[in-house]
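> Please work out how this folds:
(2 chains)
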Number of protein chains: 2
Amino acid sequence: MFVLGIDPGLSTCGFGVVEQISGSGTQRTRIEAVSLGVIRTDPAEPQAVRLATQMHELRSLISEFQPSVVAVERVFFQANVRTAIGVAQVAGLAMALGAAAGVEVVEYTPTQVKQAVAGWGGADKEQMKRMVGELLALPGPPEPADAADAAAVALCHLSQAPWRGAATHARARVLLPASDAATPPP
Amino acid sequence: MFVLGIDPGLSTCGFGVVEQISGSGTQRTRIEAVSLGVIRTDPAEPQAVRLATQMHELRSLISEFQPSVVAVERVFFQANVRTAIGVAQVAGLAMALGAAAGVEVVEYTPTQVKQAVAGWGGADKEQMKRMVGELLALPGPPEPADAADAAAVALCHLSQAPWRGAATHARARVLLPASDAATPPP
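I've put the predicted structure just below:
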């Protein structure tokens, strides 16, 4: 199954399509990166045009990959209010487009994502990038950071989903090799 | 020309399609209500489904009326943050759909709308409803309030648009009969 993770933003919206491939015989269930990237819009354009661009690209992603789940990082409003409105609006587009396509839509808080992927809620950007790179067996930490963040949201969903079954590891470490499971990230 | 005014909200999104009909000969330019109403969503549904409903209905309105302008009330964040996120998201849907359809999208603050329609920025809900009813020559104040608010946003746009021409009245009172122009609303 494909999970489309979204790190919403008006200037830069990260996306990460990851696939869980069920193990059979001696093979472990594994997770692969299918497509990671960002949708950028030009700050010189009117906000409505930038939102239309995000809407178009998000719709294309859903149409191309037909994910089973759209997982969106939940919006908070501690930060800059103007930025937060754009973040909320792009999150809303992703949620509306997902639901309109008949896809399950879920939200995770930044803390849930960090806990699931790095094993603790205080992980910083660099730790998250490194963990995403390791969990997806990429040659290195994915760039840009927003793509890594989006992949992390998708990985968070896979770690939380109830169907992952009894054979996998404890919640926060389901995605880690067993030898690393007790080691906090450096 | 049609103007589609939007008073965004997740539970209740007001819309008001108004038409400016240019005068000729002895006829004054006048403004008529074409369609006023609200799009409601069920609070028991998941947020993504509610956003998809709003998206679908807003797209239908734009497709049906083909407005020249989508005028949206600008979102602020003083109030309840959870509500504000839904408001921002529905505003974002309206803006994205408008721009995607090639329609001009504009935003007005609540104060701009009140000033344009009631003549002062401190007008209350009842005054606004009454003024909208008068300006659109309706039999009474439109209900529900969100539909009236949306029509007010559209009327605000018509009062501000530079093309309204030199023959019309001063900005805040362009929509009022001359005899009422100097009288504050009761």
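
> Contact residues of chain A facing chain B?
Listed as neighbours of chain B in chain A under the rule Cβ under 8 Å from any Cβ of the partner chain: A:46-49, A:51-52, A:54-56, A:70, A:75, A:77, A:81, A:84-85, A:88-93, A:95-100, A:105, A:107. The C-beta positions use only the backbone N, C-alpha and C, and glycine is treated the same way.

> Let's see which of these end up in strands.
With strands taken from DSSP state E, the overlap with the residues of chain A next to chain B comprises A:Val70, A:Val105, A:Glu107.

> contacting residues around the residue lying closest to the first one once chain neighbours are set aside?
This points to A:Val70. Spatial nearest neighbour of A:Val70, chain neighbours left out: A:Gly98 (3.5 Å); criterion: Cβ to Cβ, 6 or more residues apart in numbering or on different chains. A:Gly98 makes contact with A:Leu4, A:Ile62, A:Pro67, A:Val70, A:Val72, A:Glu104, A:Val105, B:Ala48, according to Cβ atoms under 8 Å, 6 or more residues apart in numbering or on different chains.

> Next, format those as CSV and append pLDDT.
Output for the contacts of A:Gly98, formatted as CSV (pLDDT from 0 to 100):
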residue, pLDDT
A:Leu4, 98
A:Ile62, 98
A:Pro67, 98
A:Val70, 98
A:Val72, 98
A:Glu104, 97
A:Val105, 98
B:Ala48, 98
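
> Can you list the low-confidence ranges for chain A?
Within chain A, the ranges that satisfy pLDDT under 70 run A:77-79, A:161-186.

> for chain A, what spans make up the strands?
Using DSSP E, strands in chain A cover A:2-7, A:12-21, A:30-40, A:69-73, A:104-108.

> Which of those has the highest mean neighbour count?
The highest average neighbour count among these, using mean count of other Cβ atoms under 10 Å in any protein chain shown, belongs to strand A:2-7 at a mean of 27.

> relative orientation of that strand and strand A:69-73 in degrees?
Interaxial angle, strand A:2-7 versus strand A:69-73 (axes from the mean of the first three to the mean of the last three Cα atoms, to 10 degrees): 20 degrees.

> Parallel or antiparallel, list what pairs with strand A:2-7.
Under the criterion DSSP bridges, strand A:2-7 sits next to strand A:12-21 (antiparallel), strand A:69-73 (parallel) in its sheet.

> could I get these as CSV with distance to B:Gly37?
Listed next are those as CSV, based on distance: least, Cβ to Cβ, whole Å:
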stretch, distance to B:Gly37
strand A:12-21, 32
strand A:69-73, 30
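
> returning to that earlier point: present the strands of chain A as CSV; the columns should include distance to B:Gly16.
Listed next are the strands of chain A as CSV, based on distance: least, Cβ to Cβ, whole Å:
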stretch, distance to B:Gly16
strand A:2-7, 32
strand A:12-21, 31
strand A:30-40, 32
strand A:69-73, 31
strand A:104-108, 30
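
> between these, which one is nearest to B:Ala151?
strand A:104-108 (32.3 Å; Cβ to Cβ).

> So what touches that closest one?
Residues outside strand A:104-108 that contact it (Cβ under 8 Å, 6+ apart) are A:68-74, A:91, A:94-95, A:98-99, A:116, A:153, A:156-157, A:160, B:46-48.

> let's see 10 Å
Residues outside strand A:104-108 that contact it (Cβ atoms under 10 Å, 6 or more residues apart in numbering or on different chains): A:3-6, A:67-75, A:91, A:94-99, A:114-116, A:152-154, A:156-157, A:159-161, B:46-49, B:51-52.

> contacting residues around A:Gln115?
When contacts are counted by Cβ under 10 Å, 6+ apart, A:Gln115 touches A:Tyr108, A:Thr109, A:Gly121, A:Gly122, A:Ala123, A:Cys156, A:Ser159, A:Gln160, A:Arg171, A:Ala172.
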